[in-house]
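A.B. asks: Sequence and predicted structure below; questions after.
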Protein chains: 2
Amino acid sequence: MKFYDCQPAPSPRRVRMMIAEKGIAVDKIEVDLRNGEHLKDWFRRINPRSEVPVLELDDGTVITESVAIYRYLEEIQPEPALMGRTPKEKAVIAMWDHKVEIEGFFAVAEVLRNTAKGFAGRAITGPQSYAQIPELAERGRRRVTEFMQTLDARLAHSRYLGGDQFSVADISGVVVVDFAGWIKATIPDDCLHLKRWHEEVSARPSAKL
Amino acid sequence: MKFYDCQPAPSPRRVRMMIAEKGIAVDKIEVDLRNGEHLKDWFRRINPRSEVPVLELDDGTVITESVAIYRYLEEIQPEPALMGRTPKEKAVIAMWDHKVEIEGFFAVAEVLRNTAKGFAGRAITGPQSYAQIPELAERGRRRVTEFMQTLDARLAHSRYLGGDQFSVADISGVVVVDFAGWIKATIPDDCLHLKRWHEEVSARPSAKL
């Protein structure tokens, strides 16, 4: 099983953390996004969208999308369970994982990709060229703040995002909160629950890889 | 179990189709988005994001996010399986379902919400007001075309999006292709595989609800 990773990028870090939490053996291949390795023919043959993470199974099947890779890894190695045990747990974790991605990750990415010089002409992931729309940055910053407040409100009543147990929602969450640092968005001072949770999750060995 | 639906909206249609495919009994509550029912206090107490679909379990747990509702329904009623049986099937279906949502649904929504008069000040779902950014519409239209081409390429080699079997990826897919009609984006003439699949999926009784 091959895992196409990129050390500095946020999305592959989600998969890296899950692999570490479960202790799964993979062949890791570093794709150097900063030097445009993902846009080269060899990688586009694997993923035409030029995105990491990618999991390539031994039979050649290519799995893209972090959430799909989460699902595969949970299925082949159920313990420790990171996507819930009961129908309700599974749904609540899937809900928070999705909210983190849509309300958090995409908001941060919207700011970054529409302002950073390095993303000029690449405002959307993938091989197609899309011009930056600077107006999106302001909107994205507002959304990032709202996202942090949403997490804080959840964590006022729950140890982890998905409930009592650490889950993929926490992995996605810590990745996105750290990714917000790229646009210099930090946890608001009054989000004490989010701070408590961020410290706890960041202390896990898997968060340091 | 209560299902908060809205007949004309795309996302709750995903859940409506799955419920019909599985023959699950739910209490259906129509939320009239066009008259702003989702922004009223009673509904915001259920979902502070003011979005449908929502599934409210008998113990009061609220599940938002279509993908999380899919997961819950599949767990409580495994047959007919709509999210795969093997780890690989589950991952491939999750991958296509996610691609449909990110590359398709959000692209259509980007066009619609940033141009339609009815969405002025509501360019993003939820209770917060966000101004429209008309520049997004042009970008969104390009993305919708690319999305249809991506589906067509997949369907050239596969009967359904997730493989040999009908799955939630097809439900999400037909909902998004039909949603594209709202912005007058139709299946490109040369996307014959996508047309074949769209006809087949649209003929299912669940697609007509």
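C.D. replies: Received it, and whenever you're ready, just let me know what you need.

A.B. asks: Tell me the residues of chain A that contact chain B?
C.D. replies: Counting by C-beta under 8 Å from any C-beta of the partner chain, the positions of chain A adjacent to chain B are A:55, A:57, A:61, A:63-65, A:67-69, A:71-72, A:75-76, A:86-88, A:90-92, A:94-95, A:98-99, A:102, A:123-124, A:128, A:130-131, A:133, A:135-136, A:139, A:142-143, A:146. Backbone N, C-alpha and C define where each C-beta goes, glycine included.

A.B. asks: which of the residues you listed count as buried?
C.D. replies: Taking 16 or more other C-beta atoms under 10 Å in any protein chain shown as the criterion, what is buried in the residues of chain A next to chain B is A:55, A:57, A:63-65, A:67-69, A:71-72, A:75, A:87-88, A:90-92, A:94-95, A:98-99, A:102, A:123-124, A:130, A:133, A:136, A:139, A:143, A:146.

A.B. asks: Tell me which of those fall in helices.
C.D. replies: A:67-69, A:71-72, A:75, A:87-88, A:90-92, A:94-95, A:98-99, A:136, A:139, A:143, A:146 (DSSP state H).

A.B. asks: Count the residues that sit near A:Arg16.
C.D. replies: A total of 22 residues lie near A:Arg16 under the criterion other C-beta atoms under 10 Å in any protein chain shown.

A.B. asks: Not counting sequence-adjacent ones, nearest residue to it?
C.D. replies: Among residues not flanking A:Arg16 along the chain, A:Leu209 sits closest, at 5.4 Å (C-beta to C-beta, 6 or more residues apart in numbering or on different chains).

A.B. asks: Quickly note the distance from the one you found to A:Val175.
C.D. replies: Remark: distance between A:Leu209 and A:Val175 (C-beta to C-beta, to the nearest Å) = 12 Å.

A.B. asks: burial of A:Ile183, as a residue count?
C.D. replies: Applying other C-beta under 10 Å, we find 18 residues neighbouring A:Ile183.

A.B. asks: you'd agree it is up against A:Arg113?
C.D. replies: No. With contact defined as C-beta atoms under 8 Å, A:Ile183 does not count as touching A:Arg113 (10.1 Å).

A.B. asks: where along chain A do the strands fall?
C.D. replies: A:2-5, A:27-30, A:54-56, A:62-64 (DSSP state E).

A.B. asks: okay if I get these as TSV plus mean pLDDT and distance to B:Ile24?
C.D. replies: Output for those, formatted as TSV (pLDDT from 0 to 100; distance: least, C-beta to C-beta, whole Å):
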stretch	mean pLDDT	distance to B:Ile24
strand A:2-5	98	37
strand A:27-30	97	42
strand A:54-56	98	32
strand A:62-64	98	29
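
A.B. asks: so which of those strands comes closest to B:Trp42?
C.D. replies: Closest approach to B:Trp42 among those is made by strand A:62-64 (40.2 Å; C-beta to C-beta).

A.B. asks: Apart from its neighbours in sequence, what residue is nearest A:Pro205?
C.D. replies: A:Pro205 sits nearest to A:Ala20 (C-beta to C-beta, 6+ apart), 6.9 Å away.

A.B. asks: For A:Gly118, give me its contacts.
C.D. replies: Each residue near A:Gly118 by C-beta atoms under 8 Å, 6 or more residues apart in numbering or on different chains is listed here: A:Arg34.

A.B. asks: gap between it and chain B?
C.D. replies: 19 Å (C-beta to the nearest C-beta, to the nearest Å).

A.B. asks: Specify the residue positioned farthest from the middle of chain A.
C.D. replies: What lies farthest from the middle of chain A is A:Asp59; by C-alpha atoms, centre = their mean that is 25.9 Å.

A.B. asks: And that residue, how far from B:Thr86?
C.D. replies: Remark: distance between A:Asp59 and B:Thr86 (C-beta to C-beta) = 12 Å.

A.B. asks: What of A:Tyr70?
C.D. replies: Relative to B:Thr86, A:Tyr70 is positioned 16 Å away (criterion: C-beta to C-beta).

A.B. asks: can you check A:Ile76 too?
C.D. replies: From A:Ile76 across to B:Thr86, the span is 10 Å (C-beta to C-beta).

A.B. asks: Identify each buried residue in stretch A:18-27, please.
C.D. replies: A:Met18, A:Ile19, A:Ala20, A:Glu21, A:Lys22, A:Val26.

A.B. asks: Keep only those of those that are in helices.
C.D. replies: Using DSSP H, the buried residues of stretch A:18-27 in helices are A:Met18, A:Ile19, A:Ala20, A:Glu21, A:Lys22.

A.B. asks: Dump those residues to TSV, plus pLDDT.
C.D. replies: As requested, those are exported to TSV (pLDDT from 0 to 100):
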residue	pLDDT
A:Met18	98
A:Ile19	98
A:Ala20	98
A:Glu21	98
A:Lys22	98
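
A.B. asks: B:Pro8: which of these is nearest?
C.D. replies: Among these, and counting by C-beta to C-beta, the member closest to B:Pro8 is A:Met18, at 38.2 Å.

A.B. asks: Quick one: residues contacting A:Leu151.
C.D. replies: Residues counted as contacts of A:Leu151 (C-beta under 8 Å, 6+ apart) are A:Val100, A:Gly104, A:Leu161, A:Gly173, A:Val177, A:Cys191, A:Leu194, A:Trp197.

A.B. asks: repeat that with 6 Å
C.D. replies: A:Leu151 makes contacts with A:Leu194, as judged by C-beta atoms under 6 Å, 6 or more residues apart in numbering or on different chains.

A.B. asks: any idea how far it lies from A:Lys99?
C.D. replies: Distance, A:Leu151 to A:Lys99, by C-beta to C-beta: 9 Å.

A.B. asks: now swap in A:Val144 and tell me
C.D. replies: With C-beta to C-beta as the criterion, A:Val144 and A:Lys99 are 13 Å apart.

A.B. asks: got it, and A:Ala107?
C.D. replies: Relative to A:Lys99, A:Ala107 is positioned 11 Å away (C-beta to C-beta).

A.B. asks: Ok, A:Leu161 next?
C.D. replies: Distance from A:Leu161 to A:Lys99, by C-beta to C-beta: 9 Å.

A.B. asks: Same check on A:Glu135?
C.D. replies: Distance of A:Glu135 to A:Lys99, given as C-beta to C-beta: 24 Å.

A.B. asks: Same check on A:Ala131?
C.D. replies: Using C-beta to C-beta, A:Ala131 is found at 29 Å from A:Lys99.

A.B. asks: cool, A:Ile19 as well?
C.D. replies: A:Ile19 is 23 Å from A:Lys99, by C-beta to C-beta.
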